[in-house]
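**Q** This is a predicted model, with the sequence first.
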Amino acid sequence: MSFFTPAFLCYEPMTLGPGRPLTLRYRVLVHPGHWDEARLRAEYARFSEHPSETR
């Protein structure tokens, strides 16, 4: 895959009230080969549990 687009509004519109923060966190991993479902789920879990600690 050579295309990446973070589309957080892909399923429905989002309304953000005045003065309300919106925090977006992205992680892009570049690696050789293909990952299986277990590896993808593990990496997602690692990132979603501690997004500020992953590198």
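**A** Thanks, I have the structure now.
**Q** F8 is in contact with M14, correct?
**A** Yes. Taking Cβ atoms under 8 Å as the definition, M14 is a contact partner of F8 at 7.4 Å. Quick note: C-beta positions are derived from backbone N, CA and C, even for glycine.
**Q** which residue is nearest the middle of the chain?
**A** Of all residues in the chain, the one closest to the mean position by Cα atoms, centre = their mean is Y26, 4.6 Å from it.
**Q** separation between the residue nearest to that one when sequence neighbours are not counted and H34?
**A** Using Cβ to Cβ, 6 or more residues apart in numbering and skipping residues adjacent in sequence, the residue nearest Y26 is P6, 5.5 Å away. For P6, the distance to H34 equals 22 Å [Cβ to Cβ, to the nearest Å].
**Q** Pick out whichever of the two has more residues nearby.
**A** Neighbours were counted for P6 and for H34 using other Cβ atoms under 10 Å; P6 has more, 10 against 7.
**Q** can you map out the helices along this protein?
**A** For the chain, the helices defined by DSSP state H occupy 37-49.
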